[in-house]
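K.L.:
Everything below, folded, please.
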Amino acid sequence: MYIGALDQGTTSTRFMVFDRQGREIARHQLEHRQIYPRPGWVEHDPLEIWARTQEAIQGALAKAGVRPGELAALGITNQRETTVVWNKNTGEPYHNAIVWQDTRTDAICEALKAEGLEEVFRKKTGLPLSTYFSGPKLKWILDHVPGVREAAERGDALFGTVDTWLIWWLTGGPKGGRHVTDVTNASRTLLMNLKTLDWDEELLALLGIPRAMLPEIRPSSDPNLYGTTDPDGPLGRAVPVAGALGDQQAALVGQACFLPGEAKNTYGTGCFLLLNTGETPVESTRGLLTTVAYRFGEAPAVYALEGSIAIAGALVQWLRDNLDFFDFSHHIEDYARTVEDSGGVYIVPAFSGLFAPYWDPYARGTIVGLTRYATKGHLCRAALESVAYQTKDVLLAMEEDAGLPLSLLKVDGGMVKNELLMQFQADLLGVPVVRPQVTETTALGAAYAAGLAVGYWKDLEELKGNWRAERTFTPGMAEEERARLYAGWKRAVERSLGWARG
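P.N.:
Sure thing, here's the model as predicted:
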């Protein structure tokens, strides 16, 4: 028997099959379109994502030579905060999905701040009022798309993050699909109370959101199951759907960070650092998010501090697609290695504002320190280094909030194959950076959540036993150099802040 994991990300959807040792048996991955209707707006086609999901499931099973009946359960992990509203009778979306990066809700957030409501939201949800989260996106759809509010009041319109959208389709769609989400995704909406783990009536009223359109909040690993797959769907039979985690929480689980003080950083389209803080939420005073890390069955929820960086791998994609610097993303390392350092160049990739610890939606991307000496190699190196600098920003804030000094950093995601970046990250932080044998820990975490629910894995100790380090990057930079480089980064960030305000 095996576990299937559906990993629906910002740029692609993949299905992966894992065995009992947490080893990947097969995967199939497909990209979907990025839709940019206006500057700062980012959308996806929900039906395209569902189509890619079906293709990915069937493709991975074919590659693995695994029959659907050999899957003990299915787990889901997903791009968080991305918002979908659809008709429960037809499955038709009322609007494209509004992606987590989208900034169209800045006026909504600013209006709520002007009313003095930011602390109300922060105290209850652990989150700042930001365009990042789902609640304002849902309000925008209700306010701007004709007929949606009326449909929501009638009970015909359903809201969900991408996990909810896919679970609904997998378990039958218009034929009785289950309308559920897990506690980690719910904690990213600005609508869920962190202590009650339920939708908060005051916050729903402030945003004008009918409760009837919201999914039921369930554990991340649910022995009672979210449902079973529709036999007429892509699996062709009933398979338990038993686990769901937002992508960054899934990576924390996949990295087996089950103890307070354990941390991981995922380097993907964005960059996301999570620190396990145990069963008590830690309120941040330094611009970090307090979020649910996971909840397994009836056990208490475990919380985390999170620092979110909007642009990491997306900066590499921008150099590739917008500036034609190279044909394939991995070539950035080749160009970066043609130079000794960045030549004094810094890139602050604030394409849609800066997230933690700055939270400035008006920041914009800047390149500073340019001279005639600068080459493509220097710009490529500066792009990679910007990811490490942003990570250091977040880690410093995290250490101060939690009072837990970091002794090592576990890393995962597509960018960790870049050895120049990993070494620079270790040098800049002054702590070892550890890359695991299985770097696709997001999908693995979803598999673990589903497998625990159905008894495929016995307990957390068994999952810890599956974790193996592949390489450790040891810091070798002098403290004076580390301080000099980081001071330059802070100066560069200052120049990007507030740019769009004029």
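K.L.:
Any chance of the backbone angles for residue 217?
P.N.:
phi -90, psi 120 (degrees, to the nearest 10).
K.L.:
contact partners of the strand or helix carrying residue 465?
P.N.:
If you go by DSSP states H and E, residue 465 is part of helix 460-466. Outside of helix 460-466, the residues within contact range by C-beta atoms under 8 Å, 6 or more residues apart in numbering are 21, 22, 253, 256, 258, 448, 452, 457. (C-beta placed from N, C-alpha, C; glycine too.)
K.L.:
dump the residue contacts of the closest residue to residue 412 other than its chain neighbours.
P.N.:
Distances taken as C-beta to C-beta, 6 or more residues apart in numbering put residue 441 closest to residue 412, at 4.2 Å, once the chain neighbours are dropped. Applying C-beta under 8 Å, 6+ apart to residue 441 gives the contacts 250, 251, 253, 254, 255, 264, 266, 412, 413.
K.L.:
per-residue confidence for the fourth one?
P.N.:
Spelled out, it's residue 254. Looking at residue 254, its pLDDT reads 94.
K.L.:
That one: neighbour count?
P.N.:
The tally of other residues near residue 254 (other C-beta atoms under 10 Å) stands at 32.
K.L.:
And for the one 3 residues further on?
P.N.:
Number of residues near residue 257 (other C-beta under 10 Å) recorded here: 25.
K.L.:
cool, residue 12 as well?
P.N.:
By other C-beta under 10 Å, neighbour count at residue 12 equals 15.
K.L.:
same thing with residue 332?
P.N.:
By other C-beta under 10 Å, neighbour count at residue 332 equals 27.
K.L.:
doesn't residue 380 make contact with it?
P.N.:
Yes: between residue 332 and residue 380 there is a contact at 4.9 Å, judged by C-beta atoms under 8 Å.
K.L.:
which neighbours do those two share?
P.N.:
Joint contacts of residue 332 and residue 380 (C-beta under 8 Å, 6+ apart) are 319, 325.
K.L.:
count of neighbours near the closest residue to residue 17 other than its chain neighbours?
P.N.:
Using C-beta to C-beta, 6+ apart and skipping residues adjacent in sequence, the residue nearest residue 17 is residue 25, 4.2 Å away. Per other C-beta under 10 Å, the neighbour tally for residue 25 reads 17.
K.L.:
how far away is residue 25 from residue 368?
P.N.:
In this view, residue 25 and residue 368 are 47 Å apart by C-beta to C-beta, to the nearest Å.
K.L.:
same question, residue 390
P.N.:
15 Å.
K.L.:
Between these two, tell me which one has more neighbours.
P.N.:
residue 390 (29 against 18).
K.L.:
and the helix or strand hosting the more buried one, which residues are buried?
P.N.:
Secondary structure from DSSP H and E places residue 390 in helix 376-402. Within helix 376-402, the residues scored as buried using 16 or more other C-beta atoms under 10 Å are 376-399, 401-402.
K.L.:
Please name every helix or strand in contact with that helix.
P.N.:
strand 263-267, strand 271-278, strand 302-309, helix 313-321, helix 331-336, strand 346-348, helix 419-429, helix 479-496 (3 or more C-beta pairs under 8 Å, 6 or more residues apart in numbering; DSSP states H and E).
K.L.:
Heading C-terminal from the shortest one, find the next helix or strand.
P.N.:
Downstream of strand 346-348, the first helix or strand assigned by DSSP H and E is strand 366-368.
K.L.:
before we move on, what about the second one?
P.N.:
Sequence-wise, the next helix or strand downstream of strand 271-278 (DSSP H and E) is strand 289-294.
K.L.:
and that next one with strand 271-278, angle?
P.N.:
Put simply, strand 289-294 runs at 70 degrees to strand 271-278, going by axes from the mean of the first three to the mean of the last three C-alpha atoms, to 10 degrees.
K.L.:
packing partners for strand 289-294?
P.N.:
helix 183-186, helix 247-254, strand 271-278, strand 302-309.
K.L.:
on that earlier part again, now the helices and strands packed on helix 376-402 as CSV including mean pLDDT?
P.N.:
What follows is those, written out as CSV (pLDDT from 0 to 100):
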stretch, mean pLDDT
strand 263-267, 91
strand 271-278, 90
strand 302-309, 91
helix 313-321, 94
helix 331-336, 96
strand 346-348, 98
helix 419-429, 97
helix 479-496, 97
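K.L.:
Hmm, residue 174 is touching residue 92, no?
P.N.:
No: using C-beta under 8 Å, residue 174 is not in contact with residue 92; the gap is 9.4 Å.
K.L.:
more neighbours, those two?
P.N.:
Shown here are residue 174 and residue 92; by other C-beta under 10 Å, residue 174 has more neighbours (14 against 11).
K.L.:
Okay, the nearest residue to the more buried one once chain neighbours are set aside and residue 97: tell me how far apart.
P.N.:
Nearest non-adjacent residue to residue 174, counting by C-beta to C-beta, 6+ apart: residue 91, 5.1 Å away. Distance, residue 91 to residue 97, by C-beta to C-beta: 14 Å.
K.L.:
burial measure for residue 10, as a count.
P.N.:
22.
K.L.:
so what's it scoring on pLDDT?
P.N.:
On the pLDDT scale, residue 10 gets 90.
K.L.:
The nearest residue to residue 334 once chain neighbours are set aside: what secondary structure?
P.N.:
In this structure, residue 334 finds its nearest non-sequential neighbour in residue 326, 7.9 Å apart by C-beta to C-beta, 6+ apart. Classification of residue 326 by DSSP: H, G, I helix; E, B strand; the rest coil places it in coil.
K.L.:
I figured residue 326 hits residue 336, correct?
P.N.:
No: taking contacts as C-beta under 8 Å, residue 326 lies outside contact range of residue 336: 10.6 Å.
K.L.:
So which of those two has more stuff around it?
P.N.:
residue 336 (24 against 17).
K.L.:
Report the contact partners of the residue nearest to residue 17.
P.N.:
Residue 25 touches 2, 16, 17, 18, 19, 64, 66, counting by C-beta under 8 Å, 6+ apart.
K.L.:
again, only this time at 6 Å
P.N.:
Shown in contact with residue 25 (C-beta atoms under 6 Å, 6 or more residues apart in numbering): 17, 19, 64.
K.L.:
what pairs with residue 243 across the strands?
P.N.:
residue 75, residue 221 (DSSP bridges).
K.L.:
tell me the angle of the helix or strand just after the helix holding residue 465 relative to helix 419-429?
P.N.:
Proceeding N to C from helix 460-466, the next assigned helix or strand is strand 469-473, under DSSP H and E. Angle between the axes of strand 469-473 and helix 419-429 is 60 degrees (criterion: the same axes, to 10 degrees).
K.L.:
if we can go back for a sec, pLDDT on the helix holding residue 465, on average?
P.N.:
Computed over helix 460-466, the average pLDDT equals 92.
K.L.:
same thing with stretch 41-56?
P.N.:
The model assigns stretch 41-56 a mean pLDDT of 97.
K.L.:
got a list of contacts for it?
P.N.:
13-15, 28, 30, 32, 35, 84, 93, 96-97, 99, 101-102, 104, 165-166, 169, 234.
K.L.:
Run the chain-centre distance for that stretch.
P.N.:
17 Å (C-alpha atoms, centre = their mean, to the nearest Å).
K.L.:
Could you list the buried residues of it?
P.N.:
For stretch 41-56, by 16+ other C-beta under 10 Å, it's 41-44, 46-50, 52-56.
K.L.:
So which of those sit within helices?
P.N.:
46, 47, 48, 49, 50, 52, 53, 54, 55, 56 (DSSP state H).
K.L.:
out of the residues you listed, which one sits closest to residue 211?
P.N.:
Of all these, residue 46 has the smallest distance to residue 211: 21.9 Å, by C-beta to C-beta.
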